[in-house]
Each structure stands twice: as structure tokens, then as C-alpha cells.
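A.B. asks: Need a 3D model of the sequence below.
(2 chains)
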2 protein chains.
Amino acid sequence: MALTITEVVARDIRFPTSRELDGSDAMNVGDYSAAYVVLKTDGGLEGHGLTFTNGRGNELCVAAIRALAPHVQGRTLEGITGDFRRFWRSLAQDPQLRWLGPEKGVIHMSTGAVVNAVWDLWAKQQGKPLWKLLVDMTPEALVAAIDFSYLTDVLTPEQAVEILRRQAPGKAAREAEMLRDGFPGYTTSTGWLGYSDEKVSRLARQAMDEGWDHFKIKVGPDLDGNMRRAALMRELIGPGRKLMMDANQCWDVGEAISQMKALARFDPWWIEEPTCADDVLGHAAIARAVAPIGVATGEVCQNRVMFKQLMQAGAIRFCQVDTCRTGGVNEVVAVLLLAARFGIPVCPHSGGVGLCEYAQHVALFDYIAVSGTLQDRMLEYVDHLHEHFVDPVRTRRGRYLAPEAPGYSIAIKPQSLDDYEFPGGRAWRR
Amino acid sequence: MALTITEVVARDIRFPTSRELDGSDAMNVGDYSAAYVVLKTDGGLEGHGLTFTNGRGNELCVAAIRALAPHVQGRTLEGITGDFRRFWRSLAQDPQLRWLGPEKGVIHMSTGAVVNAVWDLWAKQQGKPLWKLLVDMTPEALVAAIDFSYLTDVLTPEQAVEILRRQAPGKAAREAEMLRDGFPGYTTSTGWLGYSDEKVSRLARQAMDEGWDHFKIKVGPDLDGNMRRAALMRELIGPGRKLMMDANQCWDVGEAISQMKALARFDPWWIEEPTCADDVLGHAAIARAVAPIGVATGEVCQNRVMFKQLMQAGAIRFCQVDTCRTGGVNEVVAVLLLAARFGIPVCPHSGGVGLCEYAQHVALFDYIAVSGTLQDRMLEYVDHLHEHFVDPVRTRRGRYLAPEAPGYSIAIKPQSLDDYEFPGGRAWRR
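C.D. replies: Below is the predicted model:
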């Protein structure tokens, strides 16, 4: 029976995280927030989606969701998913709204929220978690959902089908493995820039006890401070565990190279966001200079066209696609296929609010149906705000357990939505 | 005497241009709009600025201006201009708002509107048109207004000072020349995709009579249509005048190359926006394949870092920086300096609403103080909506006459602001 989307509700949800310096890095100090969308239907089911922001300005994404709503309201779910590529393009290439991007920043992040709410609705209707819905789609159906505009010089729809077909034989075994063991994770909760050495030490020891064996620290403009913090973390975790560093774009190209040459003594596995996320050629120069340390980026990479270039240029060894920054599942799958085409591991960006909940589905689908390998793959984990989710992520000994409830795991509890709504909710009225 | 900014007013101004298909191209059909900002001061003077949008979604830029307003309200003009780089970075790198970009899309376009309003105010206070204020600044003062973040691998502040010093000797002569002759323009008013052949012919003949000798046509996905329209325009203007083509990003890389190989017979001088504006490497591939036809882009180029790469990669032969897309005068000057560093001519994007008014100042400053040459330089002209401006552009025989009134020429008449305010103005109530 046709399910019609009768109403699009957008809400401004903000958590006052800046009070504790959770999530602080070289560039960002914020209140983790969500521009939250609910698709109401005539069948009782609801599709939920969100895009993550850092506090002030969340109202812009809420307004953008409202501007996009006419593309969804009144449509049937079947009408959308029956030609998902056309639907996606109707949002991304709206003839008036596209000027605001196109396909970047506020309008694209909000496109992602709306698109993901549709996928959440579809997965619920199918009674499957999102990753399983994707895994069960035929290569042709998946490819029909993707906009290949600006990609065909490196990836055609035919090549994408071929990539997916190649992994078909092992899918069932990998799905069983994931349901049994979960997907490998790493933790960022220990190394925020605003934390004291004492707090970092305590959190790192606790994380090792819990079974985590990859650790990430934030680095900043101050080399001495970076050296001290890197030495502390390397000493805490010993030589066997992996150490990653994250500069959050605080360096120019030359500075990134000289900092990493000094920090190399602590054996970092990757340097994340060493410079401006827009600087493909800069990342490529850094990658050449700091090898064998790998360059990672993606959380601020605006769309599939930028990922295409990062891969073409040999600029990244790890692809950290973000489920909220890009235009929703359809574009994330395009990025996974690009990465498979170039043989680059995908380690989705996570953290914030809801990113872990989203990204676990992406990582599972990528392993089971696209890449077929766990080599150099892992999913960021940050222990923030999960208590507000109806179906929160679950971890065990450093691994994400596969979500089993139907949908995209992104629904926030009704009480939390009310309490943290900005500016009228209880948390903000204090 | 210190001038304090006491209030930031943001208004949503829209002109219903889509009714006539003015401005129609392969990708955009819109209502030319302005997110308009007025800085009120305690001295009576006002600073005006705007960012251009294409209709729906203009409210997002208005909301972004309001989100940025706390960085301006209560500040003195002297406090801002005394450390203009720091002020610019306070907007571009706001620790919460930057997540929405950073430095791209809605938040960056609105940053430009606010920044330009400050420049308008400063120019009025100094009693000079903006171009003259810039021309009269010392190299050191200009460079102190620029954020060199992410540029230093190709352009340092010292190199920028050197570029400006090199042009100092001829400045007075070039200024006199511009005041006498004006700056060369070209017209886009003749070749919109929605216009009939009859209308194109009539407008082209009229433009030739008025002295224009560069003509631009829009091209789209349909090669046959492109061939027909190119043949018509080439026949109309004869072999001596320059013909440019503009694809507005409608092609993939391979398609751009094959289309331009076919269209080469009409001797196009440049192909503008042959593919996705984000695709630096794609532009570089096209540039190599279609030479000697030059590749031009810029109107959707989001910031100085993308321009840096387009220049580094040899991807463009013409830099079409946009005065509204980028973060205001401070960033536009950075792009002019990058272009001078790479020897690439700047032909600013214009049209829309207010872009001609803004861009004339940029072109004059670039010639007088940065590039020192008119070789391959010209400024787009579109004959739309100038009647709404207090100090509109003036042209004579295909050249822009230098504006003489103090400020950045961007103030819209109070009556027009009231009439076209969305949704309550007279034009929208009909």
C-alpha cells in the first residue's frame, strides 16, 4: 500500500556540550546540535533524519530543511524510491536553491537530512536496519539511486555495478560475521584538546581496559604542545597500539609537513585534516612529503566531486566520508564506490550527535557489499550523547555491534527532543 | 571621530525575473534576489552590502547575516579596519558557525555581504569610491587586511607586498586612463538559453551598435542546439569579434571535451564553467584537451583555496572571481593577488543583481594596482535591474565608466527595497 508523506517537521535541537569542552579541537568549540527532520506519513510510520552542526547556525539548516520540504511533502515513498536518482537530483539541483551551494554547505547538509529521513522511512517500511536494506538491494537498484554527474571520468554506472557484483559471493558470510563480531572501532573520546593530561591518561587507560586499541589525539598550531601530548599518549598505549593525529585543518601546507616530520617519531598511523579540507593539491603535497604516515580527511569534504579528486590525486590514504556533510545515503554510497574503485579504505567520520548511529550502517554496508575487506577499516567512536537515541549504538570490546532495529538508528527520544529544543526546551531555559 | 555600528538590518529582496526567463541557462532559472544588509551607525552614515541569490533560499542568507551580526554590532569602524584580517577571520572562522562551511555556501556568501557593507561604510567615511580607497591603500595596509591561511604554499604576505609595490609607479597614469576611458566590458545580455533566435539576433545587433565587441552565449547538454546557436551568433558578429561560451557546469569532463571539440569550429575564445565548479582536476583535464580555447570559471568558486588550486593546476586561463560568492573584498583582493602571482587575467563574474555594481570596483582596482595590464581583461555586463540602484553602473561604447560616488555602489533605492521585499513588498503581493 502506498505510503504518502503528509508533513515535514523540522526542529532545532542543541546540546550544551561547550560547557565541558567535549569535542574541542584546534578549530571548533561548540554545542553539538541537530537540524532534525521528521517525515510524517498517512500510514503511521515516520522517517527521521538529522544533520549535525556545532551550535549557533543550526537554525540555518532547519530553515534549509523547510526550503527543501516541498520536494518531499505529498510524495509517496514508492514514488521517491522508484526513481531515487531523480528524487536526489531534484533536491541537489533545485533550480533556485542550487545557487546556495551547489552541493555544499548548509543546503547540502540539509539535503542529507531530508534524504536520510526518506531512507529511514523506507528501511522501517521494509522492516530492516538501513545497512541490511542496502545489502539486500541488487547492484542495479543501488546504482539507480546514485547521481553519477561529474563522476563518469573515473566511475561509470556500469563500473559501479561491476564493483558490487564482484562482492556478491561473500556477502552472506560477511553479514554473518558482522552479526556475530561487530565492526572494528577506534576511540576519539580520550584526546580532546581541552582535556587535561590527567583526564587524557585516565580516559586512555579506561579505553584500553575496554578493549580499544586505536587512539586519536588532537593536534594544534603549537608544536611543543603537540609533541608533549603525542609523547604522553604513545607512552600510555605502548608501541603496539595505533596512534592517529587530527589537526582539524589548523595548518598551512608547509606547516603540516614540518609538524608531521617532527611528530613522526611517535609513529602516527595517520594525520587527519592536516590542512584546509578544500585543498586537494595541498593534501597531495603533504601525502607525498609525510609518507609512510597516511593522510586522512573527509569530515568537512563537501561532496562526491571533492572525494573523487582527493582519490585521483593520491591525496588521501583513508577516506573519512561524513554521513551528515554529504547529501545523504545516495551520495555516501557513491563515495564508497569511488573508494572501492581506487582501493582506498573508508573509515567514516563519526562523533558529534548521531554520527556514530548513522555511520555504523555505512561501515557495515561497505564491508559486506562494497569493499569486502576489513584491512585498514575502522569506525570512529565517541562516547557522547548516545543516551538520547531510541536505538543507540552498542559497542563491545572496541567493536560496534550491528544494529538490528528497522531504520537508520537516528531517532532521538521524544523527551530529549522536547528538552533540548532551542531555544524553548528545558535545557536552554535554565 | 569614532563611528560605531549600532544596528545590523538584514532584508530579503527578490525581483521576479523568472517570469521573463532573463538569466536562464542550462542549470538556473530564478528570481534574482539579494540578501541585503544595512549597517547603521551613530554618525548617520550607513554601510550597505548584499549577497546575490537566485530566489528561493534567499531567506537562508538573510538568516546567516543575522547569525553573523554579533561580530559587527557595537564595534567601531576604526576597530574593525585597524585589524581587518582579524575581523575577517572572526567571521570566517567563528568556532560554531564555521561548521556550516567552512568558507563556502550560505555562510560564506553572507560573510561577504557583511564584510562588503563594512567596506562600503569605510569608503563613504573616506569620501571615496571603493576602488579608489583600495588604490590609495599602501601595499602593507592592503596585505594586513588579507587572511593568508592556506595560501602560503604559493603566496606569502611578503610576496603579496612585492606584487603591489611592482605596480606602484604606473598607478597614477592608469587611474587617469580609467577615469577618462573606463574599463572594457563584454555583454551576456544577448545569449540567454531561454531567448528565441529572433530575440538573440535583435539584441546582438543592438549591442554591436552600442560598441560591444565580445559576446557570450549559453550552451547546454544538447550539442545540436549548441551548434545552431553558436553558428547564429558567429554569423551575427562576424569573424573579428570575440565569442565566449558558458556551459554553467552542465557537462561531465568527457562530455565537455567532446562538445568543445565540435564547437571549436566557431572559434570560441573561452569555455566558461565546462563542468562542476568544484572539479579542479576536471577543469585541468579539459583545459589540456581543448587548448587553445581557454577555460574560464569562478562564479561558483567558493573561496581563495579553490582559486589557488585552479591556478596551480593550470586549470583556468581566465579567473572569474565573484564578489558575492567569496567572503567580500578582503578575499577578492587575495584572489587578485593569486592571479597576479600566476599571471592569470581576472574577468570578474557579473550580472545577477548588484554584481556589475560591485565588480566594476574590483576590475578597476585590479588594473590600476595589481595587474597593471588590460591584456585579456574585461568585465561582464548584463543589462538587468540597474534601475533599482542609487548609483548604478554607467557604460559607454562597451566600457564601464569609473564610479565616482563614495562607497561600493551597492545601495538599492529605498523605494525598491520596500517594493521588492519578500514576501510583503508590492511586487510580491500581486
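A.B. asks: Now do the contacts for A:C324.
C.D. replies: Going by CB atoms under 8 Å, 6 or more residues apart in numbering or on different chains, A:C324 touches A:50-52, A:109, A:112-113, A:352, A:354-355, A:358. Glycine gets a C-beta too; all of them are placed from N, C-alpha and C.
A.B. asks: A:I293 now?
C.D. replies: A:260, A:264, A:268-271.
A.B. asks: For chain B, tell me which of those show up nearby.
C.D. replies: By CB under 8 Å from any CB of the partner chain, no member of those lies near chain B.
A.B. asks: Quick check: ChimeraX command selecting the buried ones in the residues you listed.
C.D. replies: Entered in ChimeraX, the line below selects the buried ones among those, by 16 or more other CB atoms under 10 Å in any protein chain shown:
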select /A:260,268,269,270,271
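A.B. asks: top of the contacts of A:C324 by neighbour count?
C.D. replies: Greatest neighbour count in these, by other CB atoms under 10 Å in any protein chain shown, goes to A:L50: 35 neighbours.
A.B. asks: Select from the contacts of A:C324 every entry located in strands.
C.D. replies: Secondary structure from DSSP state E places A:50-52 of the contacts of A:C324 in strands.
A.B. asks: of the contacts of A:I293, closest to chain B?
C.D. replies: Distance to chain B across these (CB to the nearest CB) is lowest for A:M260, with 14.6 Å.
A.B. asks: contacting residues for the residue lying closest to that closest one once chain neighbours are set aside?
C.D. replies: The spatially closest residue to A:M260, leaving aside those adjacent along the chain, is A:V290, at 4.4 Å (CB to CB, 6 or more residues apart in numbering or on different chains). By CB under 8 Å, 6+ apart, A:V290 lies in contact with A:256-257, A:260-261, A:264, A:271, A:274.
A.B. asks: what number of residues lie near whatever residue of the stretch 1-150 of chain A ends up closest to chain B?
C.D. replies: Per CB to the nearest CB, A:G105 is where the stretch 1-150 of chain A lies closest to chain B, at 2.3 Å. A:G105: 30 surrounding residues under other CB under 10 Å.
A.B. asks: thinking again about what came up before, now pLDDT too, for the contacts of A:V290, in a markdown table please.
C.D. replies: Shown next, in a markdown table, are these (pLDDT from 0 to 100):
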| residue | pLDDT |
| --- | --- |
| A:A256 | 98 |
| A:I257 | 98 |
| A:M260 | 98 |
| A:K261 | 98 |
| A:A264 | 98 |
| A:I271 | 98 |
| A:P274 | 98 |
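A.B. asks: In helices, which of these appear?
C.D. replies: A:256-257, A:260-261 (DSSP state H).
A.B. asks: Restricted to buried residues, select those residues in ChimeraX.
C.D. replies: Restricted to buried positions by 16+ other CB under 10 Å, the ChimeraX selection for the ones in helices among the contacts of A:V290 reads:
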select /A:256,257,260
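A.B. asks: What segments of the stretch 201-350 of chain A are helices?
C.D. replies: Per DSSP state H, counting those that start in this stretch, the stretch 201-350 of chain A carries helices over the ranges A:223-237, A:253-263, A:280-290, A:304-312, A:329-342.
A.B. asks: Spit out the contact partners of A:L134.
C.D. replies: By CB under 8 Å, 6+ apart, A:L134 lies in contact with A:142, A:329, A:333, A:361, A:365, A:369.
A.B. asks: Closest to chain B out of those?
C.D. replies: Checking the contacts of A:L134 one by one against chain B (CB to the nearest CB), the nearest turns out to be A:V333, at 18.7 Å.
A.B. asks: how near is the closest one to B:T190?
C.D. replies: Remark: distance between A:V333 and B:T190 (CB to CB, to the nearest Å) = 43 Å.
A.B. asks: can you check A:E272 too?
C.D. replies: 50 Å.
A.B. asks: Assign a three-state SS to A:D94, would you?
C.D. replies: Under DSSP: H, G, I helix; E, B strand; the rest coil, the three-state class of A:D94 is coil.
A.B. asks: wouldn't it be in contact with A:A69 here?
C.D. replies: No: look at A:D94 against A:A69 with CB atoms under 8 Å: they stay out of range, at 11.6 Å.
A.B. asks: Can you name the residues of the stretch 151-300 of chain A that neighbour chain B?
C.D. replies: A:151-153, A:249, A:252-254, A:275-282, A:285, A:300.
A.B. asks: Any quick PyMOL command for the buried ones out of those residues?
C.D. replies: To isolate the buried ones among these in PyMOL, judged by 16+ other CB under 10 Å, type:
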select buried, chain A and resi 151+153+249+252+253+254+275+276+277+278+279+280+281+282+285+300
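A.B. asks: Domain ranges for chain A, per the record?
C.D. replies: A:5-128, A:164-416 (automatic domain parsing).
A.B. asks: from the chain's centre, how far out does stretch A:167-186 sit?
C.D. replies: Offset of stretch A:167-186 from its chain centre (CA atoms, centre = their mean, to the nearest Å): 20 Å.
A.B. asks: on that earlier part again, need the helices of the stretch 201-350 of chain A in a markdown table (columns: distance to B:A207).
C.D. replies: A markdown table is the format used below for the helices of the stretch 201-350 of chain A (distance: least, CB to CB, whole Å):
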| stretch | distance to B:A207 |
| --- | --- |
| helix A:223-237 | 59 |
| helix A:253-263 | 45 |
| helix A:280-290 | 39 |
| helix A:304-312 | 35 |
| helix A:329-342 | 42 |
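A.B. asks: Out of those helices, which is closest to A:K128?
C.D. replies: Proximity to A:K128 (CB to CB) singles out helix A:329-342 among these, at 13.4 Å.
A.B. asks: average pLDDT across that closest one?
C.D. replies: Helix A:329-342 comes out with an average pLDDT of 98.
A.B. asks: just for chain A, where's the confidence low?
C.D. replies: A:1, A:20-28, A:191, A:430 (pLDDT under 70).
A.B. asks: State the distance from the spatially most central residue of it to B:A10.
C.D. replies: Nearest to the mean C-alpha position of chain A, counting by CA atoms, centre = their mean, stands A:D322 at 2.8 Å. Plainly put, A:D322 is 30 Å away from B:A10 if you go by CB to CB.
A.B. asks: what about A:D42, how many neighbours?
C.D. replies: For A:D42, the count of nearby residues is 13 (other CB under 10 Å).
A.B. asks: my guess is it meets A:L3, correct?
C.D. replies: Yes: contact criterion CB under 8 Å: A:D42 and A:L3 qualify, at 6.9 Å.
A.B. asks: Many thanks, we can stop here.
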